[in-house]
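>>> Just need the structure, nothing else, for what follows:
(one chain, ligands or ions: 1)
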Amino acid sequence: MGASEKQAREELLRWLRWQVEMGADEAISSHPRDHLQTPRSAERAAPVIPTAGLAAPGGTQSPASRSVSPQDCHTLADIHAALDAMRDFPLRRTARNTVHVDGNPDAKVLFIGEAPGRDEDLRGKPFVGRAGQLLDRMLAAIGLDRHAEEPERAALITNVLFWRPPGNRPPTEAELSFCAPWVMRTIEIVNPRVIVTLGGPATQRLTGNPHGITRQRGKWTQITVPGLEKPVPLLPMLHPAFLLRTPAQKRLAWRDLLALKLFLEEGRPTA
Ligand code: URA
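Here you go, the predicted structure:
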């Protein structure tokens, strides 16, 4: 390789690295495309991608999931299998894995975040990247561990969206509406004593309150979940990814963690 070719290659690699850093690390098409083919042969080889009907707000299902509804699912494993089978849902097509829950299903506390990122997509589990590591340290600070055997010391973790949006773009309203009935069924099956929402999108989605997370965090509320007898207490908290970017806000997160700890000890909100 000549010096100028080497330079051009390095330039291209720098450009590619920059794109990855900016979050553009996914091919948007669900089918690989061979850019070395001549345009005419590429045209012949182009796959026909079926257009999937996105859910209308209100939770209507896409054609692939029509056969299995959330109410057909009786375990978390049923829900995971149903979600994973939605091969014509656009986000499912671009994701490597369906990311549903991680932790102890008998836990008293259910944490709900926004959407899987790159690490979660690769491993098929929520909150396993840097934000997840901080979340684990936050849990440990109040004596919780997502994998603890005793339900009182354990946690279960999920998101309001079950597939990584390409390039980590924010989820759309239609995508969140599509997942909403599955989130509700997950909560119904787990029947947690308390829910903690992490960040604005999860909080707004679950509470229906449009105010930002800085206004809602630390303020106890409760949500009604179809199929559960009693409303479930809910505590909004700052998202660990936000805390990584703005460590000064960790003191607010600490306050909220202590409120959660007190709740778990006393069985009721204390502030
Ligand atoms: N952020 C989230 O909201 N959820 C994850 O699973 C990971 C990062």
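
>>> What residues sit buried inside stretch 98-106?
Buried residues in stretch 98-106, counting neighbours by 16 or more other C-beta atoms under 10 Å, are found at T98, V99, H100, V101, D102, G103, N104, P105. Every C-beta, even on glycine, is put in place using the N, C-alpha and C of the backbone.

>>> Which two of these have the greatest separation?
With C-beta to C-beta as the measure, no two of the buried residues of stretch 98-106 lie farther apart than T98 and N104, at 19.7 Å.

>>> ok and the residue in the chain nearest the ligand?
Residue nearest to the ligand within the chain (C-beta to the nearest ligand atom): G113, separated by 3.0 Å.

>>> Touching the helix or strand containing A131 from outside, list them.
Using DSSP states H and E, A131 maps to helix 130-141. With contacts defined as C-beta atoms under 8 Å, 6 or more residues apart in numbering, helix 130-141 is touched by 111, 113, 117, 119-120, 126-127, 145-146, 155, 157, 198, 239-241, 243-244, 253-254, 257.

>>> Now, of those, which are buried?
Among these, the ones that count as buried by 16+ other C-beta under 10 Å are 111, 113, 117, 119-120, 126-127, 145-146, 155, 157, 198, 239-241, 243, 253, 257.

>>> G2: how many residues sit nearby?
A count of neighbours around G2, defined by other C-beta atoms under 10 Å, yields 7.

>>> T270 now?
Neighbour count of T270, defined by other C-beta under 10 Å: 11.

>>> so who does it touch?
Residues near T270 by C-beta under 8 Å, 6+ apart: A259, L262, F263.

>>> Now with 10 Å, please.
Residues near T270 by C-beta atoms under 10 Å, 6 or more residues apart in numbering: W220, L258, A259, K261, L262, F263.

>>> Got a PyMOL select line for the buried ones in those residues?
In PyMOL, a selection of the buried entries from the contacts of T270 looks like this (16+ other C-beta under 10 Å):
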select buried, resi 220+259+263
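
>>> Of the contacts of T270, which is the nearest to P269?
Nearest member of the contacts of T270 to P269, counting by C-beta to C-beta, is W220, at 4.0 Å.

>>> Next, that closest one: phi, psi?
Backbone torsions of W220, given as degrees, to the nearest 10, read phi -70, psi 140.

>>> Report the separation between it and E265.
Per C-beta to C-beta, to the nearest Å, W220 is found 15 Å from E265.

>>> what's the answer for Q133, then?
Using C-beta to C-beta, Q133 is found at 26 Å from E265.

>>> ditto for R130
30 Å.

>>> now do P181
33 Å.

>>> Neighbour count: the two, which is higher?
The residue with more neighbours, out of P181 and E265, is P181; 19 against 12, by other C-beta under 10 Å.

>>> which SS state does the more buried one fall under?
Look at P181: counting by DSSP: H, G, I helix; E, B strand; the rest coil, its state is helix.

>>> what does the stretch 101-250 of the chain put close to the ligand?
Residues of the stretch 101-250 of the chain found near the ligand (C-beta under 6 Å from any ligand atom) are 113-117, 120, 126-127, 129, 131-132, 159, 241.

>>> if you set the cut-off to 5 Å instead, what comes out?
Contact residues (C-beta under 5 Å from any ligand atom) of the stretch 101-250 of the chain with the ligand: G113, E114, P116, G117, E120, P126, F127, A131, N159.

>>> in the stretch 101-250 of the chain, which spans are strands?
Applying DSSP state E, counting those that start in this stretch to the stretch 101-250 of the chain gives strands spanning 102-103, 109-113, 156-159, 194-198, 221-223, 232-237.

>>> chain center to the fifth one, what's the gap?
A distance of 20 Å separates the C-alpha centroid of strand 221-223 from that of its chain, computed with C-alpha atoms, centre = their mean, to the nearest Å.

>>> Pairing partners for that strand, with directions?
Strand 221-223 has the following strand partners under DSSP bridges: strand 232-237 (antiparallel).

>>> CA atoms only: put the strand it pairs with into CSV for me.
Output in CSV follows, covering the C-alpha atoms of strand 232-237 (Å, rounded to 0.1, in the frame of the first residue of the first chain):
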residue,chain,number,x,y,z
VAL,A,232,-48.8,0.4,42.6
PRO,A,233,-46.7,3.1,44.3
LEU,A,234,-44.3,4.7,41.9
LEU,A,235,-41.2,6.7,42.6
PRO,A,236,-39.6,8.6,39.7
MET,A,237,-35.8,9.0,39.8
